[in-house]
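Q: fold the following, please.
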Amino acid sequence: MNNKPVALLALAALVLPAFAAETFPSRPIRMVVPYAPGGNVDISARIIAPPLAEALGQTVVVDNRPGGGGNLGASLVAKSTPDGHTLLVGSSGPLSVNPVIFRNLPYDSLKDFAPLSTVQAVPLVVLAGQKSAIGSVADLVTAAKSRPGKLTMASAGAGTTNHFAIELFASMAGVKVLHVPYKGSGPALSELLGGQVETMVDQLAASIGYVKDGRLKVLAVTTRQRAAALPNVPTLDELGYKGYQAATLLGLLAPAGTPKPVVAKLNAAVRKVMDNTAVAERFRGLGANPGASSPEEFSARIRDELLQWQALVKKLNLKFE
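A: Model prediction:
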């Protein structure tokens, strides 16, 4: 029996991944943003694209592919050639929220991607209008208990991370609130500023301007670490809601099957970018907590977020149209 073909195949299996890493990248890299220009994910992509191109020695092109709440762009990357030249700028929406609220996604967020590294996490904040009598989380809980199901808490929409954060807080606080969903942060913030709603949970990146100019009160941060942009604002975990965690996570992912040496090279490039003080400061200025991670750490964070929201939806029997 001639074992030469088998030996050649085994040798190829060892050599080809190394060769892929040596030759990568061989052409411009496309970073797919699954949202329209102008939002947090798009802005983040455009912050890291130039230094990432410098680190990799190849052009990096930002490609906006909005649709389906991020599902269209995510699906495009999941089905692309796994060679490291097409990446997803992935956030909590398509990675850990949409799998909970959509019945038939065209991708599996845990199986169809090779996570590369986190880039940043945007804390959510609990807000109240400047003229509101609610000046703390304790005030909010007291008001909610005195008016069960009537205290209004706005969000950027049903089935968003903001909405889930409200439901998680209400569940942990043992209160019933009236969730008021809007079509985006803009309209919700406008109503909060005008006093049409009493409180809100929102991404810090969207509301930081109103907080800094004193038009809104920030009661707490939803991440376990304080926000770099608001170091004096306590976390819900600190205020007694132990283990409370909600944020909009963002990072880079390649399609599943991308060779490990290519994943390692991309991870090293992202780490170099995020070690750049100017890049980190730009993210902090947007209200985000910047930071790279290992592929394994990013994968674990996606899985943990997904399991958290799945458990919450099941426990509260939340329904989405």
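Q: from here on, just use CA atoms for contacts and neighbour counts.
A: OK.
Q: can you give me the strands for the protein?
A: 29-33, 60-64, 86-91, 113-129, 152-155, 178-181, 199-203, 216-221, 247-255, 289-290 (DSSP state E).
Q: how about TSV for these, with distance to Asp237 added?
A: Shown next, in TSV, are these (distance: least, C-alpha to C-alpha, whole Å):
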stretch	distance to Asp237
strand 29-33	32
strand 60-64	36
strand 86-91	23
strand 113-129	13
strand 152-155	19
strand 178-181	22
strand 199-203	16
strand 216-221	9
strand 247-255	13
strand 289-290	17
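Q: tell me which of those sits most buried.
A: The highest mean neighbour count among those, using mean count of other C-alpha atoms under 10 Å, belongs to strand 199-203: a mean of 29.
Q: can you show me the CA trace of that one as PDB?
A: Provided in PDB are the C-alpha atoms of strand 199-203 (Å, rounded to 0.1, in the frame of the first residue of the first chain):
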ATOM      1  CA  THR A 199     -36.400  57.600  33.800                       C
ATOM      2  CA  MET A 200     -34.400  55.700  31.100                       C
ATOM      3  CA  VAL A 201     -31.700  53.200  30.600                       C
ATOM      4  CA  ASP A 202     -29.400  54.100  27.700                       C
ATOM      5  CA  GLN A 203     -26.000  53.700  26.300                       C
END
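Q: what does it contact?
A: 122-129, 152-156, 162-163, 165-166, 185, 188-189, 192, 247-248 (C-alpha atoms under 8 Å, 6 or more residues apart in numbering).
Q: what strands line up against it, and which way round?
A: strand 113-129 (antiparallel), strand 152-155 (parallel) (DSSP bridges).
Q: Ser293: which of the ones you listed is closest?
A: The closest of these to Ser293 is strand 113-129. By C-alpha to C-alpha, the value is 5.0 Å.
Q: what about the longest helix in the protein?
A: Assignment by DSSP state H gives helix 295-316 as the longest helix of the chain.
Q: does Gly287 touch Val122 like I think?
A: Yes. Under the criterion of C-alpha atoms under 8 Å, Gly287 makes contact with Val122 at 6.5 Å.
Q: any residues in contact with both of the two?
A: The contact lists of Gly287 and Val122 share Leu204, Ala205, where a contact means C-alpha under 8 Å, 6+ apart.
Q: and Tyr244, what does it touch?
A: Phe169, Thr222, Thr223, Arg224, Leu236, Asp237.
Q: please redo it, this time with the cut-off set to 10 Å
A: Tyr244 makes contacts with Ala165, Leu168, Phe169, Met172, Val221, Thr222, Thr223, Arg224, Thr235, Leu236, Asp237, Glu238, as judged by C-alpha atoms under 10 Å, 6 or more residues apart in numbering.
Q: check Leu95 too.
A: Applying C-alpha under 10 Å, 6+ apart, the residues near Leu95 are 70-71, 74, 107-110, 113, 249-250, 302-303, 305-306.
Q: who does the residue nearest the centre of the chain bridge with?
A: When C-alpha atoms, centre = their mean is applied to the chain, the residue found nearest the centroid is Leu249 (2.5 Å). Counting by DSSP bridges, Leu249 is bridged to Ala121.
Q: so it sits against Ser96, correct?
A: Yes. Counting by C-alpha atoms under 10 Å, Leu249 does reach Ser96; the two are 9.4 Å apart.
Q: the helices in the stretch 151-300 of the chain, which residues?
A: Taking DSSP state H, counting those that start in this stretch as the test, the helices found in the stretch 151-300 of the chain are 161-173, 185-194, 204-212, 260-274, 277-285, 295-316.
Q: of all those helices, which lies closest to Pro50?
A: helix 260-274 (9.3 Å).
Q: next, the buried residues of the closest one.
A: Residues of helix 260-274 classed as buried: 261-271, 273-274 (neighbour count, 16 or more other C-alpha atoms under 10 Å).
Q: also stretch 68-85?
A: 70-78, 82-85.
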